[in-house]
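Visitor: sequence unavailable; structure follows:
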């Protein structure tokens, strides 16, 4: 599927997506997330494949372990490390698709978080996986709870009164979903422990689980953004630790077309293979798939080839690698559902 | 609050509590114990050696809670407990084994006030461990905390916090330690997070999460950092966490605390 012809309305239970404008370098569109009225408690897991438009595009003039220098830049010092989170996305070279949070910046240099939300760092100068001065990258602003969901009762499309809708955000450090909701009295998003989360960043690869109690009216919100043009790179340190990852699938993708690079391990069962899990809202469970050495996908606990199973646009995905990995081996390129 | 989060997800994910004892039956097929009820019983007993020595949790739900998990003494070799995808395992009361084999947990494990008994060989939490309440281990147990994922200690207060106490050997295998705080602490607080006859190995990182944030840096035998107007000091050699006032007065306090505390090894 070529991107310019990419006009699609897809039902996820929730997500639809349409391209409505394009130019030589950027294609923008929207994703519409629809939550049906509830008669019982429901949980939906969504991702945010569309990113905000880039505010800078260029190539490094120098690269350090966690720094990117652009001599000709004239950024505002600290401007990318304030309340609004900013990210670097690498657009070409060995690290294509890698997204890194900017933690500090001068007028010409960025310092980025090279953990990729994992317990290990991967230097930008890793041999065989280095960001080079011939590569290109972009800087784009990320979302916070308020910029993504809204900042007031009037603007938040979810239910915020009575038993409010709850947003669960996966926390990679504690290995659990943490719980957030909008507090109408305080007029702010709050974590379950009462801390203010209004400006808490939603990582570009965030997995969001939205819990709605019975009796809630239908809800919808629309996210505008740039259609990804490079396959996202997801870091999985392995050791059977699930990596919740949700970027890069703004359109439906059959499992048969899901490519995860040479680091993906195929096997004879889910317990000796790498796996990908997709949330099934109708059963409130995660369906987990693994790939046989023959190349066909299998469902854990199921039978038969699952190659035609479709990963819906906007799905939350979980990747689990069996073997421990570091450096470039810890990254998986997740194929895009179209040709940019 | 943490319990509430887990509970909420368990309910929404369809997990249900079920009383009774479930005995592992080796199907020989995929070594899976796939029915979620097997991982939500009061007691789960593994008494038959799996064909490939791997027992998989493939319920499709994040939360899988057993009150007691027992590995029978008659098992003939080492075992691995792993997950298909998202699954974690929570053990709320007892984890029992024997000296005949080693057990490796290749999935994230939550221990909440759990008593570990019977193990005398390796008990590896290779893929992450969360500690809530006092987890006690028998004095012969050789426990290794792995490097693949974080070891999370949940701390509500100085009187209520996760800990792992009493093992024969407790080894940090380049472990990433996360202190997850759901309650505010005051200066002058100290708590024993780990203890063993032999406390060995090294940590890769110590990070604060929850109400506090930041990373501690290692130097002079201590992991040290400041957050929330407090100075945090963790001694991996003794397993003690000290929360002291800001650096000027804190340095004095720490000096006194370290001087007064008898080294454990």
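Guide: All right, it came through fine. All of these numbers come straight from a predicted model, not from anything done at the bench.

Visitor: C-alpha only now, for contacts and for neighbours.
Guide: OK.

Visitor: low pLDDT regions in chain A?
Guide: Applying pLDDT under 70 to chain A flags residues A:1-25, A:246-248.

Visitor: tell me where it has helices.
Guide: Counting by DSSP state H, chain A has these helices, from start to end: A:145-149.

Visitor: is it true that residue A:110 touches residue A:101?
Guide: No - counting by C-alpha atoms under 8 Å, residue A:110 sits too far from residue A:101 to count as a contact (9.8 Å).

Visitor: can you pull the contacts of residue B:153?
Guide: By C-alpha atoms under 8 Å, 6 or more residues apart in numbering or on different chains, the residues touching residue B:153 are B:130-132, B:161-163, B:177-180, B:193.

Visitor: what subset of the residues you listed is buried?
Guide: Using 16 or more other C-alpha atoms under 10 Å in any protein chain shown as the burial test, these include B:130-132, B:161-163, B:177-180, B:193 as buried.

Visitor: now intersect the residues you listed with the strands, please.
Guide: Residues from those lying in strands, with DSSP state E as the criterion: B:130-132, B:163, B:177-180.

Visitor: pick out the most distant pair among the residues you listed.
Guide: The most widely separated members of these, counting by C-alpha to C-alpha, are B:132 and B:177 (13.9 Å).

Visitor: interface residues of the stretch 51-200 of chain B facing chain A?
Guide: Listed as neighbours of chain A in the stretch 51-200 of chain B under the rule C-alpha under 8 Å from any C-alpha of the partner chain: B:54, B:56, B:58-61, B:82-86, B:106-108, B:126-128, B:130, B:148-150, B:152, B:176, B:178, B:180, B:182.

Visitor: apply 7 Å and report the result again.
Guide: Contact residues, the stretch 51-200 of chain B versus chain A (C-alpha under 7 Å from any C-alpha of the partner chain): B:56, B:60-61, B:83-86, B:106-107, B:127, B:148-150, B:152, B:176, B:178, B:182.

Visitor: got the residues of the stretch 1-150 of chain A near chain B?
Guide: A:42-43, A:119.

Visitor: can you tell me which of these has the most neighbours?
Guide: residue A:43 (26 neighbours; other C-alpha atoms under 10 Å in any protein chain shown).

Visitor: so that residue touches residue A:210, yeah?
Guide: Yes - with contact defined as C-alpha atoms under 7 Å, residue A:43 reaches residue A:210; the gap is 5.6 Å.

Visitor: quick one: residues contacting residue 115.
Guide: Picking chain A for this. Residue A:115 makes contact with A:121-122 under the criterion C-alpha atoms under 7 Å, 6 or more residues apart in numbering or on different chains.

Visitor: should've been chain B
Guide: B:93-95, B:135-137.

Visitor: which one of those has the most neighbours?
Guide: That'd be residue B:137 among the contacts of residue B:115, by other C-alpha under 10 Å, with 27 neighbours.

Visitor: so that one sits right up against residue B:116, yeah?
Guide: Yes - counting by C-alpha under 7 Å, residue B:137 touches residue B:116, with 4.4 Å between them.

Visitor: who is residue A:234 paired with across the strands?
Guide: Residues in a beta bridge with residue A:234, per DSSP bridges, are residue A:332.

Visitor: typo on my end, it should be residue B:209
Guide: Where residue B:209 sits in a bridge, its partners, by DSSP bridges, are residue B:180.

Visitor: what of residue B:44?
Guide: residue B:22, residue B:69.

Visitor: straight-line length of stretch A:83-100, end to end?
Guide: End-to-end distance of stretch A:83-100 (C-alpha to C-alpha, to the nearest Å): 16 Å.

Visitor: other residues contacting it?
Guide: Contacts of stretch A:83-100 (C-alpha under 7 Å, 6+ apart): A:80, A:101-102, A:112-114, A:116, A:129-131, A:135-142, A:199, A:201, A:230-233.

Visitor: again, 8 Å this time
Guide: A:80, A:101-102, A:112-114, A:116, A:128-132, A:134-144, A:199, A:201, A:204, A:230-234, A:333.

Visitor: also stretch B:117-124?
Guide: B:94-105, B:137-138, B:140-146.

Visitor: in PyMOL, select just the buried ones from these.
Guide: Applying 16+ other C-alpha under 10 Å to the contacts of stretch B:117-124, the buried members can be selected in PyMOL as follows:
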select buried, chain B and resi 94+95+96+97+98+100+101+102+103+104+105+137+138+140+141+142+143+144+145+146
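
Visitor: so which of the contacts of stretch B:117-124 belong to strands?
Guide: Reading strands off the contacts of stretch B:117-124 with DSSP E, I get B:94-96, B:103-105, B:137, B:142-145.

Visitor: I'd like to know how far the spatially most central residue of chain A sits from chain B.
Guide: Centroid-nearest residue in chain A: residue A:205, 2.1 Å away (criterion: C-alpha atoms, centre = their mean). Between residue A:205 and chain B the computed distance is 17 Å (C-alpha to the nearest C-alpha, to the nearest Å).

Visitor: strands along the stretch 51-200 of chain A, start to end?
Guide: Taking DSSP state E, counting those that start in this stretch, the strands of the stretch 51-200 of chain A run over residues A:56-58, A:62-63, A:67-69, A:86-90, A:99-105, A:109-112, A:137-141, A:143-144, A:166-171, A:176-183, A:188-191.

Visitor: and of the ones in strands among the contacts of stretch B:117-124, the nearest to chain A?
Guide: residue B:105 (9.7 Å; C-alpha to the nearest C-alpha).

Visitor: the closest one bridge partners, please.
Guide: Residues in beta-bridge contact with residue B:105 (DSSP bridges): residue B:81, residue B:125.

Visitor: pretty sure it contacts residue B:126?
Guide: Yes - with contacts counted by C-alpha under 8 Å, residue B:105 reaches residue B:126, the gap being 6.0 Å.

Visitor: so who does residue A:135 touch?
Guide: Counting by C-alpha under 8 Å, 6+ apart, residue A:135 has contacts A:59-60, A:90-93.

Visitor: using TSV, lay out these together with neighbour count.
Guide: Listed next are the contacts of residue A:135 as TSV, based on neighbours: other C-alpha atoms under 10 Å in any protein chain shown:
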residue	neighbour count
A:59	21
A:60	22
A:90	25
A:91	22
A:92	17
A:93	16
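
Visitor: now, which of those residues sits nearest residue A:150?
Guide: Nearest member of the contacts of residue A:135 to residue A:150, counting by C-alpha to C-alpha, is residue A:90, at 28.8 Å.
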